[in-house]
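A.B. asks: Generate a structure from the sequence data that follows.
(one chain, ligands or ions: 2)
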Amino acid sequence: MITVAQALDHLFALADPVAVETVPLRAAGGRILAEPVTARRTQPPFAASSMDGYAIKGVEADLHAQFKVVGEAAAGHRWQGTLGAGQAVRIFTGAPVPEGADKIVIQEDVTRSGDLITITDDPGPKDNIRPAGVDFAEGMELEAPRRLSPGDVALLAAMNIAEVPVRRKPVVALISTGDELVVPGETPGPDQIIASNTFGLSAMLEQLGAVPRILPIARDTEASLRTVLGLTEGADLIVTIGGASVGDHDLVAGVAAGLGMEQAFYKVAMRPGKPLMAGRLNGVPMVGLPGNPVSAMVCGTVFLTPMLNAMLGLGQRTAPRVSLPLSAPLDANGPREHYMRAIVEAGNVRDAGLQDSSLLSVLARANALIVRPPNDPPRPVGAPVDTILLG
Ligand code: AMP
Ligand code: MG
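C.D. replies: Ligands and ions are numbered 1, 2, ... in the order given. Predicted coordinates:
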């Protein structure tokens, strides 16, 4: 048996970053920025008022001082003059601060009568001016790689970047295997169940920024499996689910080998999970996950997600963990690393109930996985445990 870290290294070795493409800014949210992008302008490009009020000379900002209003500056329309002593310019938020002015008195602090204003409330020390470049200067870089948040997209827009270099979305072919499976919405026979893993993994992959492609269910015959594997053209990654151990009906390894797959077959010291297949089929990386629903989803978190992130150019990183105190005690762990379905609440974590690897209702209730090292002793309430938060 190999460790989870060793298994992940085998998968990373298959996970070459996909190509870079350019997308319009409005399509860039959630995509992976592939190269640093440089601001094409300074923001704000001029000293700008941050309030509605009157632009004056700061040295004249005394209580009861009076000013003559000589013009107006609105956002998009600067006042084209130079402010003199005793003068004020009506100004609005976002407008360029006039030459000669260095303070904005907010409109609440003055009374106006015709062209005359009087400061009637102490304007205080704030100048209410955003200096040129206070946000960023031309040439500033937004670093890559990164997953573009809504805030990043707004920043790119302000930087006047209309086209963004991002990683292409990897296409992932998902194949369920088994005579017992039908797709949701169909009427199962008396001995059949609904294929769930492909749909759960598809949702997971979509969130990561991949394009999942759910292929028809492969039946437990070599011919059917060969047919479905033949539908994977154009995929950047092939994921099979189930049929990957050594049972009589577990055909994936044999059929893939027959199709020329150079493969490795691993027993991973983890629970749930264990059987894992990895290799290349006609140059395309292929991963075989266990069929048990929770095993497949946990392997999606522990293996597929880091692999996809690597393909998206985000580097080779394991699923991030945080250390949280237990709110319920845990029994001793066995010899395999255990990814326990868990619930994080109010900064504490506890197991989510029965840990059988077929229980999707428990997984759905969980929002985290507690990671128990092999042979971890019993842990009392309050003990810190490694926890992976589920998205
Ligand atoms: P296998 O690895 O093919 O022996 O499958 C192990 C268990 O997982 C069996 O109980 C299968 O019925 C179940 N299983 C396999 N694939 C899926 C799937 N796509 N959705 C739900 N259950 C599955
Ligand atoms: Mg099967």
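A.B. asks: Looking at the chain, which residue is nearest ligand 1?
C.D. replies: Across the chain, the shortest distance to ligand 1 (CB to the nearest ligand atom) belongs to G291, at 2.5 Å. C-beta here means a position set from N, CA and C on the backbone, and glycine is covered the same way.
A.B. asks: In space, what's closest to that residue - neighbours in sequence excluded?
C.D. replies: Excluding the flanking residues, the one nearest G291 by CB to CB, 6 or more residues apart in numbering is G242, at 2.7 Å.
A.B. asks: How about P374?
C.D. replies: With sequence-adjacent residues excluded and distances taken as CB to CB, 6+ apart, P374 is closest to P335, at 5.3 Å.
A.B. asks: Could you look up the next helix or strand downstream of the helix or strand of the chain with the lowest mean pLDDT?
C.D. replies: Ranked by mean pLDDT, DSSP states H and E, the weakest helix or strand in the chain is strand 262-267, scoring a mean of 78. Sequence order places strand 270-271 as the next helix or strand after strand 262-267, per DSSP states H and E.
A.B. asks: Please identify the pairing partners of that following strand and their relative orientation?
C.D. replies: strand 337-345 (parallel) (DSSP bridges).
A.B. asks: Next one: the nearest residue to R365 once chain neighbours are set aside from M270, what distance?
C.D. replies: Closest residue to R365 apart from its sequence neighbours, by CB to CB, 6+ apart: A352 at 5.4 Å. Separation of A352 from M270 (CB to CB, to the nearest Å): 18 Å.
A.B. asks: and if you look at L314?
C.D. replies: For L314, the distance to M270 (CB to CB) stands at 23 Å.
A.B. asks: C299 too?
C.D. replies: Remark: distance between C299 and M270 (CB to CB) = 8 Å.
A.B. asks: Repeat that for D122.
C.D. replies: 67 Å.
A.B. asks: Between the two, point out the one with more neighbours.
C.D. replies: A count of neighbours by other CB atoms under 10 Å puts M270 above the other of D122 and M270, at 24 against 10.
A.B. asks: Look up the closest residue to the more buried one, ignoring the ones flanking it.
C.D. replies: The spatially closest residue to M270, leaving aside those adjacent along the chain, is E337, at 4.7 Å (CB to CB, 6+ apart).
A.B. asks: How about the contacts made by the one you found?
C.D. replies: Residues near E337 by CB atoms under 8 Å, 6 or more residues apart in numbering: T3, V4, A269, M270, R271, V371, R372, P373, P374.
A.B. asks: Could you identify the buried members of those residues?
C.D. replies: V4, A269, M270, R271, V371, R372 (16 or more other CB atoms under 10 Å).
A.B. asks: Using a markdown table, lay out these together with pLDDT.
C.D. replies: Putting the buried ones among the contacts of E337 into a markdown table (pLDDT from 0 to 100) gives the following:
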| residue | pLDDT |
| --- | --- |
| V4 | 93 |
| A269 | 93 |
| M270 | 95 |
| R271 | 94 |
| V371 | 98 |
| R372 | 98 |
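A.B. asks: for the residues you listed, which one is nearest R168?
C.D. replies: V4 (28.3 Å; CB to CB).
A.B. asks: so the closest one makes contact with V302?
C.D. replies: Yes - with contact defined as CB atoms under 8 Å, V4 reaches V302; the gap is 6.3 Å.
A.B. asks: overlap in contacts of the two?
C.D. replies: Residues touching both V4 and V302 by CB under 8 Å, 6+ apart: M270.
A.B. asks: Which residue ranges of the stretch 101-250 of the chain form strands?
C.D. replies: In the stretch 101-250 of the chain, the strands defined using DSSP state E, counting those that start in this stretch lie at 103-106, 110-113, 116-119, 129-130, 141-142, 146-147, 163-167, 171-176, 181-182, 193-194, 211-214, 237-241.
A.B. asks: Within the sheet, what are the partner strands of the fourth one, with directions?
C.D. replies: Read that as strand 129-130. strand 48-49 (antiparallel).
A.B. asks: Flag every residue of this protein that's near ligand 1.
C.D. replies: The chain has residues 176-178, 180-181, 193, 195-198, 241-245, 247, 290-293 near ligand 1, with proximity defined as CB under 6 Å from any ligand atom.
A.B. asks: okay, now the one residue in the stretch 51-200 of the chain that gets nearest to ligand 2: neighbour count?
C.D. replies: Distance from ligand 2 to each residue of the stretch 51-200 of the chain (CB to the ion) is smallest for G178, at 3.8 Å. Neighbours of G178 under the rule other CB under 10 Å: 19.
A.B. asks: excluding its backbone neighbours, what's nearest it?
C.D. replies: Nearest residue to G178, sequence neighbours excluded (CB to CB, 6+ apart): G242, at 5.3 Å.
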